[in-house]
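Peer 1: one predicted model, sequence on top.
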Amino acid sequence: MTSSLKNCPAPAKLNLFLHVTGRRADGYHLLQTAFQLIDRSDLLHFTVREDGLVRRVNDVPGVPEAQDLVVRAALLLRAEVLRRRGGERGGARAPGADITVEKVLPMGGGLGGGSSDAATTLMALNKLWDAGLDREELMALGLPLGADIPFFIFGETAFAEGVGETLRPVDAPDCWYVVIEPGVSVPTPEIFRSEHLTRNTSPVIITDFSSHYANRNDATQFGGNDLQQVAMRLYPPVAHAIEWLRSFGDARMTGSGACVFCAVENEAQADAVLNEARGTWTAWKARALKRHPIAAML
Ligand SMILES: C[C@](O)(CO)[C@H](O)COP(=O)(O)OP(=O)(O)OC[C@H]1O[C@@H](n2ccc(N)nc2=O)[C@H](O)[C@@H]1O
Ligand SMILES: Nc1ncnc2c1ncn2[C@@H]1O[C@H](COP(=O)(O)OP(=O)(O)OP(=O)(O)O)[C@@H](O)[C@H]1O
């Protein structure tokens, strides 16, 4: 049996639009959003341990090992595997793993980096441990750890509802984006609890969405990101980045920020925008992905 999986990508997502349509009794917000996978990723490496321990073996500045979503995800899966195999009392042995996390995506960037790391961990260890969970079971296991985790396991560009767990695939066009990292880290809970957040955007009809998403501008036709005003008010660099990027296209924020992006015609146009950004912004280009790149490895 394979004992390691190296260079497993955990790609970023962009929220092409994001509407807050309500609030659940438990305080979580109901959303409608379009999740777009892009080809910029953290990189994870996994090696099976025979002693049943789960360890993150490298240092990740700002994230203690026990709080890392990759460790928490692995422990959740390990508990589920043990349960299915009859528990330790029934003679089952806990599977273990060493995990290395190479961070590329900024934390608190709205790119879903932590959730994507957790999703990649669940998918890779499900394979390495021969755990046998299907996609829906992995999505359900990951949801309590992060609202974006089900999407990354779903693994294709999608329209999402609920808190992000109700997903339907969208046939996304080949498309390039320019993304700016404004240099601040935005805590998601701070944005959702703001008194200035509007929570009553009218739901869009999802069949309209899927039938219209044929070119790079269509996904944004329903409007912008309802979290953006709040983040711009609390974090001025987010507002400055949007203002700057607006001269090149329909710039907006992803997730709860801080990163902002705009779709461009092609790679050459992305390079031209990056040229202008040099010296002012940390910025990069990314291409839309149709599928999660780990699918080809598992
Ligand atoms: C805004 C998005 O990035 C859109 O993709 C995600 O919904 C956020 O996902 P995330 O960072 O994984 O967030 P979580 O770790 O699940 O939630 C952090 C906190 O944000 C608030 N939260 C999050 C998602 C949501 N739909 N409603 C909320 O009110 C809750 O206070 C929650 O405790
Ligand atoms: N592996 C991880 N990578 C990044 N952050 C992690 C990880 N594990 C735990 N965290 C914690 O999660 C917080 C949010 O990080 P993340 O990069 O997922 O934010 P985000 O991109 O804004 O997410 P979202 O788009 O889902 O709101 C970090 O500040 C950090 O404390």
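Peer 2: Happy to help now that I have it. Ligands and ions are numbered 1, 2, ... in the order given.

Peer 1: let's verify the residue in the chain that ligand 2 sits nearest to: helix, strand, or coil?
Peer 2: The shortest separation between the chain and ligand 2 is 2.8 Å, found at G114 (distances taken as Cβ to the nearest ligand atom). Every residue, glycine included, has its C-beta placed from N, CA and C. Three-state assignment for G114 (DSSP: H, G, I helix; E, B strand; the rest coil): helix.

Peer 1: angles on the backbone of the closest residue to it other than its chain neighbours, please.
Peer 2: In space, G114 comes closest to L69 once its chain neighbours are excluded; the distance is 4.6 Å by Cβ to Cβ, 6 or more residues apart in numbering. Reported as degrees, to the nearest 10, the phi and psi values for L69 are phi -60, psi -20.

Peer 1: L69: what's it in contact with?
Peer 2: L69 is in contact with G114, S115, D117, A118, T121, L145, G146, counting by Cβ atoms under 8 Å, 6 or more residues apart in numbering.

Peer 1: now a PyMOL select for only the buried ones of the residues you listed.
Peer 2: A single PyMOL command suffices to select whichever of the contacts of L69 are buried according to 16 or more other Cβ atoms under 10 Å:
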select buried, resi 114+115+117+118+121+145+146
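
Peer 1: quick one: which of the contacts of L69 is nearest D42?
Peer 2: Among those, D117 lies closest to D42 (Cβ to Cβ), at 5.6 Å.

Peer 1: can you tell me which residues contact that closest one?
Peer 2: D117 is in contact with A10, D42, L44, D68, L69, V70, A73, V101, counting by Cβ under 8 Å, 6+ apart.

Peer 1: now for those, which pair is the farthest apart?
Peer 2: Between any two of the contacts of D117 (Cβ to Cβ), the greatest distance is 13.4 Å, for D42 and A73.

Peer 1: neighbour count: the two, which is higher?
Peer 2: Here D42 and A73 are compared on neighbour count by other Cβ atoms under 10 Å; more neighbours surround A73, at 28 against 22.

Peer 1: interface residues of this protein facing ligand 1?
Peer 2: Counting by Cβ under 6 Å from any ligand atom, the positions of the chain adjacent to ligand 1 are 15, 27-29, 31, 33, 110, 112, 115, 146-148, 163-164, 188-189, 192, 255-256.

Peer 1: what about T47, which helix or strand?
Peer 2: strand 29-49 (DSSP states H and E).

Peer 1: now P144. Its backbone dihedrals?
Peer 2: Note on P144: its backbone torsions stand at phi -60, psi -20 [degrees, to the nearest 10].

Peer 1: could you pull out the strands for this protein?
Peer 2: Secondary structure of the chain, counting by DSSP state E: strands at 4-23, 29-49, 54-56, 96-102, 158-161, 166-169, 176-181, 252-253, 260-264, 282-289.

Peer 1: Y28 reaches P144, doesn't it?
Peer 2: No - judged on Cβ atoms under 8 Å, Y28 makes no contact with P144 at a distance of 11.0 Å.

Peer 1: residue contacts, L14?
Peer 2: Counting by Cβ under 8 Å, 6+ apart, L14 has contacts F35, Q36, I38, L111, Y177, V179, T254, F261.

Peer 1: cool, E165 as well?
Peer 2: Contact criterion Cβ under 8 Å, 6+ apart gives M139, L143, A147, P150 as the residues in contact with E165.

Peer 1: G224 now?
Peer 2: F17, L18, R252.

Peer 1: return only those of the residues you listed found close to ligand 2.
Peer 2: Contacts with ligand 2 are made by none of those, judged by Cβ under 6 Å from any ligand atom.

Peer 1: generate JSON lines for the residues you listed, with pLDDT as supplementary columns.
Peer 2: Output for the contacts of G224, formatted as JSON lines (pLDDT from 0 to 100):
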{"residue": "F17", "pLDDT": "91"}
{"residue": "L18", "pLDDT": "95"}
{"residue": "R252", "pLDDT": "95"}
